[in-house]
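Visitor: Everything below, folded, please.
(chains A, B, C and D)
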Protein chains: 4
Amino acid sequence: MCGIFGIYQRGGDNTAAELTALGLFALQHRGQESVGIAVSDGEQVRIHKAMGLVSSLLHQDIAARLPGHVGIGHVRYSTHGSSDLANAQPLLAVTGSGPVAMAHNGNLTNTRPLRENLFGQGTAFYTTTDSELILHLIAAQAAKPLEEAVQKAVAGLSGSFSLVIMNERKLIGLRDAHGNRPLLLGKAEDSFILASESCAIAALNAEVVREIEPGEMVVVEGSRVTSRRILSHPRRAFCIFEYIYLARPDSELAQVSMHEVRKRIGGELAREHPIEADIVIPVPNSAKSAALGYAEVAGIAFEIGLVTNDYVGRTFISPTQSLRQLGVQIKLNAIPQVLAGKRVILVDDSLVRGTTSKKAIAMLRKAGAREVHLAIAAPPFLYPCYYGIDVPETDQLIASNRTLSEIRELIGADSLHHISLEGLYKAVGAERSTMCDACFSGEFFTPVDEEDPWNFTGGRKEANGDYAGSNRL
Amino acid sequence: MCGIFGIYQRGGDNTAAELTALGLFALQHRGQESVGIAVSDGEQVRIHKAMGLVSSLLHQDIAARLPGHVGIGHVRYSTHGSSDLANAQPLLAVTGSGPVAMAHNGNLTNTRPLRENLFGQGTAFYTTTDSELILHLIAAQAAKPLEEAVQKAVAGLSGSFSLVIMNERKLIGLRDAHGNRPLLLGKAEDSFILASESCAIAALNAEVVREIEPGEMVVVEGSRVTSRRILSHPRRAFCIFEYIYLARPDSELAQVSMHEVRKRIGGELAREHPIEADIVIPVPNSAKSAALGYAEVAGIAFEIGLVTNDYVGRTFISPTQSLRQLGVQIKLNAIPQVLAGKRVILVDDSLVRGTTSKKAIAMLRKAGAREVHLAIAAPPFLYPCYYGIDVPETDQLIASNRTLSEIRELIGADSLHHISLEGLYKAVGAERSTMCDACFSGEFFTPVDEEDPWNFTGGRKEANGDYAGSNRL
Amino acid sequence: MCGIFGIYQRGGDNTAAELTALGLFALQHRGQESVGIAVSDGEQVRIHKAMGLVSSLLHQDIAARLPGHVGIGHVRYSTHGSSDLANAQPLLAVTGSGPVAMAHNGNLTNTRPLRENLFGQGTAFYTTTDSELILHLIAAQAAKPLEEAVQKAVAGLSGSFSLVIMNERKLIGLRDAHGNRPLLLGKAEDSFILASESCAIAALNAEVVREIEPGEMVVVEGSRVTSRRILSHPRRAFCIFEYIYLARPDSELAQVSMHEVRKRIGGELAREHPIEADIVIPVPNSAKSAALGYAEVAGIAFEIGLVTNDYVGRTFISPTQSLRQLGVQIKLNAIPQVLAGKRVILVDDSLVRGTTSKKAIAMLRKAGAREVHLAIAAPPFLYPCYYGIDVPETDQLIASNRTLSEIRELIGADSLHHISLEGLYKAVGAERSTMCDACFSGEFFTPVDEEDPWNFTGGRKEANGDYAGSNRL
Amino acid sequence: MCGIFGIYQRGGDNTAAELTALGLFALQHRGQESVGIAVSDGEQVRIHKAMGLVSSLLHQDIAARLPGHVGIGHVRYSTHGSSDLANAQPLLAVTGSGPVAMAHNGNLTNTRPLRENLFGQGTAFYTTTDSELILHLIAAQAAKPLEEAVQKAVAGLSGSFSLVIMNERKLIGLRDAHGNRPLLLGKAEDSFILASESCAIAALNAEVVREIEPGEMVVVEGSRVTSRRILSHPRRAFCIFEYIYLARPDSELAQVSMHEVRKRIGGELAREHPIEADIVIPVPNSAKSAALGYAEVAGIAFEIGLVTNDYVGRTFISPTQSLRQLGVQIKLNAIPQVLAGKRVILVDDSLVRGTTSKKAIAMLRKAGAREVHLAIAAPPFLYPCYYGIDVPETDQLIASNRTLSEIRELIGADSLHHISLEGLYKAVGAERSTMCDACFSGEFFTPVDEEDPWNFTGGRKEANGDYAGSNRL
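Guide: Below you'll find the predicted structure:
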């Protein structure tokens, strides 16, 4: 996942660090592992990174530490424990033309030849991320102006990448040829903004100008934004999962909010799979929109049957095995008075491992639900993602090698329903030929190298064997 | 506010610390300022406290630090900056009969004579909490068995107090004569539990046995729970605000969940104040139940028009004035596609200062709402609370000295509606004579001493003048 | 041990917190476990404590947190792990006449009857220190002016106590009837100072006025210092160990520096025990003065044969058993070129457990020393201290139940010599009747209660059994 | 300055991390700003760094985090505030042949052409240290075995460098052609050791084998140490300041301890500059050896007239201007009883800025010294160092542009004496042609580039202008 952000203040303010923090704060749902901000005051590029949430950075007086009017930022996602500060972004390096900072959302699929080539040229790597490859490719073109160096550098990349890049004087944003990961351009009175989602632009009281196009690079310098197409794009392949789960409900694409899209997915799900029941409840909190859509179309009452503990977060670490076993009970609780004797349609946004659903269903039954029908606002999740979404190993996907009936039994539902791929596209309102749905269909839009230890999903997995070193702090 | 918890394991387990942490975790919404746990292994009582959330305590290996089978815990609420660890609870003191630990939810209203009397006896105070008074009164009776000492100590108290108290061998729970603050008895296979709310009992997979009665003291020792009435109670005065806002939606009283009560309040509000509109939306997250109730009764679509940033919490501290001014924008965002051109009923649980409502309404209008009608699931908030709820100074209450029309104008709503006190009681299903609604009616159930600097609301305000010292760490 | 400090600024400055920190910094050798400062601005008494060194407190902006012109401070010593912030001093309590803060150096010897009496009156204890007893006795007299309350409170105390006490307006200093622990009065242009040692007065560029007399109390208020004898003193009993080891070499008593006294002790040791040798070397760093004195009188070259790692401190915690076994090697290293083939007189200030000496001697031999003679600037250490010095259990004292010859053999010296008690007094220049030398002689100047679990040496040992509770944080 | 360390355990133990920490602990005097350790278990190279002292690293469980039998470490010195973790060493990078870690003591003098050349090849720099240049030069040769890559990489370096380098399987140590910075080979039963000073070898109970020769590289792999001359050396240029000040007194070179050398320097100083006086005292703690030597030769009593507060360290940060002005008083105190009426010879190891000497002399006079003669165990300090010693800007050197008489007056001494360069060499026992004394003579042994912003002394100064970026964390 990851979220990226960039800002260029042209009105004389030097608060890029704070505004970047604010933008990252709105993108926090895209990554909670680490956060970083780089800022230029026109002469120097300074950087500050921290493990954890954006709030941890804010405590560290970034406004004073990072003065300047050009800034980029990054929030990083990981479910692995082996995260460390050296892998946090932005990455900052001094090249022959001075400092360059970069933040990357996405994942490259041709890291092996890129890396071998750079190794052959004597390059030393400091991190275990695919993103560092891009930085070395830019440095190799340092004699050129930054935009040309970047254009040259990304020409040989395969995979997914939305990038924000800066030096002392310029802010650059670009998307890969397929437009797999999102990136939008925003505008406030005195600044231009780049962000993974519109909610980060809204957080600054700024307006969305438009999406950056697949293969497009925009360069902000002074009061001008220039655009050029730097990559020809055989086909658009925007990530369908952004609509289903990733983007915040108040984020919008093409003037449509994610909340509305998800309501429509829920509605389509209801049309495809009508179920006799008394109430529709969401798995909190991500499936609320879809459940509301299902309830409206089905004409069944929307209810709140499961409550989350708002204070459960990354910070809750069960200190002992005994407490760990109580897991979901800590995060979720059922309301028996709502559920007792009822036929319940439980709506969830997707079914990946299935562990949460299984526990939620058991909890509903214990609270008295007479029937529990699980309706999923996505097709069965069958394949890994090579483009930046953290997906479990294939053998941990509940839908892998199981019939629908086996899955239903495993999770204990009275019935189990997924929206069809067709229904999904109908609800989203997009042509399938413009999207990536490889996690459901296995149709990857680039060749992928399953054997490459560096071809890690989301840039988060540690390389193995000989390449395990990193400037871990 | 504050939340209290107690557990007595009688089956040989010595995990009272962890289970207390788990219980407090479910009560976290009642207090986020500090947390503390005291545990006895039958011979020693050990204690651990920390500023912040329960999770911060869990990082500190309390299981190993606090072995034992009897435990009590406390979470403390404060909106003031002047909080400190010395005022955190439980309080632990060594008396003539050994250690006694105590956690208090509520607020005393006769602290002045109690304190003067103790001062006259040469007592030294270590904290600036009213709760410490109770501990000294217990210590003064240390020659007696603990339950008798407690009974004697609380006989002279006025105000509100639910208490959990322990020594090396016993766990005691009691409520004041009016039953103002909640306290329930729970039971698992091998343990007895005391907790402010049923959700903390559910979190341990235990069953609610019953509420502790007003004026009742229960003593747990070995496998026995004994009960005695220790305070005659002229009248019950349970806090109505627990139903409106304080308790978690999945907590229950008399087999009714707070969610249901709030839905009924929302429904009654719709009956009292029918409004022509297109959608009903809640102020997230606390007004969801009431808004759902309103929507159902009014037959108007329930929608999600405001989205919160889930990562905003106590840890987000705006580092600069410029960011502070963007305040609510960080926490809330509107979804224009839902709101544009719509007549909106915005439901909130209560209207205290009015600042959040004002900003939310402006945000809805900016997002295109044609009309915004504010419906409040509580009567106008007019009086301070002397029984443990943190309420702003009276002159900061928006309803104080303003007509409904002035308030409406101030917050920018097209119309403003409160449920009536009668409607509220109808929805709650309780006799007014058994409840405290002083915040709405000004009818305090005990004399209150407005001039006493120690008569602080919620036990959190700092004493002034000469008494300002405390063992602040 | 412990060090105490007090200051009263009468010139309008409000920097008592900083100056107290500076004074404590000079007294840091008397205690490194915890540090605390209490300050009054004339209206409020505020306090701040921290585990560890004074420097850790300075990082916490005490100047802003603790504004005011009256301050007291305390550094606390402990070799035990079971230390905690709740036991740190000063202690601050609110009494019937307002806040009182107190810092104590010494140890009471009649805690049992004092405590039983206070328990009988219903007193609750918050710490496991004997010092808290004194605070309760003062609070019990709160109706009186502070100086009278203090006078009354200390009348019943037995043992050793130098105290600094303050309320919003007054600073009080006093010593027990025997003057066992030191306390001096100092004076700068605009302030009066109380401190355990003259080096803390010198650190503020102030002048020593005089020692506080045994049984004397001085009260500073406004521009006046008043004195009264509050305890009759049967006999003076100043701790001889202050001369031998505790006080800093640049501290002075009766215009004589500790360095000079220790040089004279070393000289007397040389006269009592002339040894044929090539060089005299100290155990660094405490025995330098004595070794210099020995060398001068003996006419043998003073040399540096052992070097310490200046960075070894409380913060060095060997992470594993294997490193722990290398222990002394980390702290000490020998210089073979100085020692090879030499007959060495190794001078140490005292011989308590003997472990360091044993290792140092082995190290000298390994470095080539031909002979190693150990000369100790104190008599054999045979008894525990009940007056505030942290001494190992008697069975860990190397001199307990061993002949001189056995000790010599155990530590591996060619010969072992202690100065005699007579020689020691001759060097110190004091009458034995005015000093306490109980650690050498067993002649305690008060009755002692060996069975009392609260009669802990130095106020650091945890109470046992029923009394183990404390508001440990 | 900086200190470096390396260890290769060949006996099956995997405690290289701990032993490296222990070795660095003995080298702590060479750098207190940051510390780092890299360890290989034969397959992976892991690294851990921290700001501050070695002890801060030990708290972080490096034994478990860094398992393995090959390790290198580094302590870094800085007097500048602009230090950061990204500049800490060792540096670790992944090259085409796998991970390489490196630690550097010294300073390059041809960074400008090296850097321009690497920039021309498209290299990206992550730190602002000259050391990173070396790592890139090694990576550029990654196709070769490590020892050949290193040999090739260092061939083009000018300046001073002692290096320890490792990959998964090998440990390499080498010194520049002039042998400017020290590096010794040590041996324990089961391991080979490389260290900047012998005290780090002694700390592991190991034996010094010999110095690494100028231009020599040793490679440790398995049970074999192989050596090769990789750089022809026109002349040896060992840093004279190691003898005067840098090395620990118990460290030895050519079987002579630094303590002895410094005593001899003090003695020679006494012969060159006999002074009529009563006592000789050192500026604590570094001038003890020289003062002892002076006193012995002069036949004047060695005394202790100035005492340091042992707890003053890097952690003491004066919180306010008022305290800062009291500066030296906190660190030093005089003993008036030793000094009153005396003619004092104050011995210091060198006179750089002169500020400490000035304050010490004023302090001695205030304590009653009748005369104060300052004797310096080094010639006047006149030039900057380009080889790794942190020296103030030339205009801050007290000897720059001042006559001896002007300096004497400025610092307030009755007389001022420096040892001559000839006397210094006589005492050290070395030919001038084998040493670097550029700080005294201005005779640099390589060309130096005063204009290069990256040619920073000690690798600690921040680069300016365009090159200011770094992956600062």
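Visitor: max-length helix in chain A?
Guide: helix A:258-272 (DSSP state H).
Visitor: Output the contacting helices and strands for whichever helix or strand comes after that helix.
Guide: Moving toward the C-terminus from helix A:258-272, the next helix or strand (DSSP states H and E) is strand A:279-282. Secondary-structure packing of strand A:279-282 (3 or more CB pairs under 8 Å, 6 or more residues apart in numbering or on different chains; DSSP states H and E): helix A:288-298, strand A:301-302, helix A:336-339, strand A:343-348. Any C-beta I mention is one placed from the backbone N, CA and C, and that applies to glycine too.
Visitor: Which one of the residues in the stretch 51-200 of chain A is closest to chain C?
Guide: Proximity of the stretch 51-200 of chain A to chain C (CB to the nearest CB) peaks at residue A:61, 14.2 Å away.
Visitor: which residues does residue A:348 contact?
Guide: When contacts are counted by CB atoms under 8 Å, 6 or more residues apart in numbering or on different chains, residue A:348 touches A:282-283, A:286-287, A:356-357, A:374-377.
Visitor: any idea how far residue A:67 is from chain D?
Guide: 13 Å (CB to the nearest CB, to the nearest Å).
Visitor: wait, doesn't that residue sit right on residue A:9?
Guide: No: applying CB atoms under 8 Å, one finds residue A:67 not in contact with residue A:9, separated by 11.4 Å.
Visitor: Between these two, tell me which one has more neighbours.
Guide: Applying other CB atoms under 10 Å in any protein chain shown to residue A:67 and residue A:9 shows that residue A:9 carries more neighbours, namely 20 against 17.
Visitor: Next, give phi and psi for that one.
Guide: phi -90, psi 120 (degrees, to the nearest 10).
Visitor: Neighbours of the spatially closest residue to it that is not a sequence neighbour, how many?
Guide: Sequence neighbours aside, residue A:69 is the residue nearest to residue A:9 in space, at 4.0 Å (criterion: CB to CB, 6 or more residues apart in numbering or on different chains). By other CB under 10 Å, 23 other residues sit near residue A:69.
Visitor: ok, now which ones touch residue A:69?
Guide: Residue A:69 sits next to A:8-10, A:12-14, A:16, A:40-42 when contact means CB under 8 Å, 6+ apart.
Visitor: make it 6 Å
Guide: A:9, A:14, A:16 (CB atoms under 6 Å, 6 or more residues apart in numbering or on different chains).
Visitor: same check, this time on residue A:196
Guide: A:3-4, A:27, A:105, A:182.
Visitor: Put together TSV for the residues you listed, with pLDDT on each row.
Guide: As requested, the contacts of residue A:196 are exported to TSV (pLDDT from 0 to 100):
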residue	pLDDT
A:3	97
A:4	98
A:27	96
A:105	96
A:182	98
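Visitor: Of these, which pair is most distant in space?
Guide: Across the contacts of residue A:196, the longest distance by CB to CB is 10.7 Å; it joins A:27 and A:182.
Visitor: So for the two, which sits in the more crowded spot?
Guide: Between residue A:27 and residue A:182, counting by other CB under 10 Å, residue A:27 is the more crowded of the two (30 against 24).
Visitor: Looking at the closest residue in space to residue A:266 that isn't next to it in sequence now. What's its pLDDT?
Guide: Among residues not flanking residue A:266 along the chain, residue A:293 sits closest, at 2.8 Å (CB to CB, 6+ apart). pLDDT for residue A:293: 98.
Visitor: for the one 5 residues further on, same thing?
Guide: At residue A:298, the model reports a pLDDT of 98.
Visitor: for the closest residue to it other than its chain neighbours, what are its contacts?
Guide: Nearest residue to residue A:298 in three dimensions, chain neighbours excluded: residue A:270, at 4.3 Å (CB to CB, 6+ apart). Residue A:270 sits next to A:294, A:297-298 when contact means CB under 6 Å, 6+ apart.
Visitor: 8 Å - rerun?
Guide: For residue A:270, the contacting residues are A:293-295, A:297-298, A:375, by CB under 8 Å, 6+ apart.
Visitor: Counting neighbours, which of those residues comes out on top?
Guide: Going by other CB under 10 Å, residue A:294 tops those with 30 neighbours.
Visitor: Pretty sure it sits against residue A:375.
Guide: Yes: at 6.3 Å, residue A:294 counts as touching residue A:375 under the criterion of CB under 8 Å.
Visitor: which neighbours do the two share?
Guide: A:269-270, A:345, A:347.
Visitor: PyMOL command for the buried members of the residues you listed?
Guide: Burial among the shared contacts of residue A:294 and residue A:375 is assessed by 16 or more other CB atoms under 10 Å in any protein chain shown; the matching PyMOL selection reads:
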select buried, chain A and resi 269+270+345+347
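Visitor: And the shared contacts of residue A:294 and residue A:375, which is closest to chain B?
Guide: Nearest to chain B among the shared contacts of residue A:294 and residue A:375 is residue A:347, at 14.0 Å by CB to the nearest CB.
Visitor: how much space between the residue nearest to that closest one when sequence neighbours are not counted and chain B?
Guide: Nearest in space to residue A:347, with sequence neighbours left out and distances taken as CB to CB, 6+ apart, is residue A:291 at 3.9 Å. Distance, residue A:291 to chain B, using CB to the nearest CB: 11 Å.
Visitor: Ok, residue A:240 next?
Guide: 20 Å.
Visitor: Over to residue A:27?
Guide: 10 Å.
Visitor: Below-threshold pLDDT in chain A: ranges please.
Guide: A:58-60, A:78-83, A:312-329, A:452-473 (pLDDT under 70).
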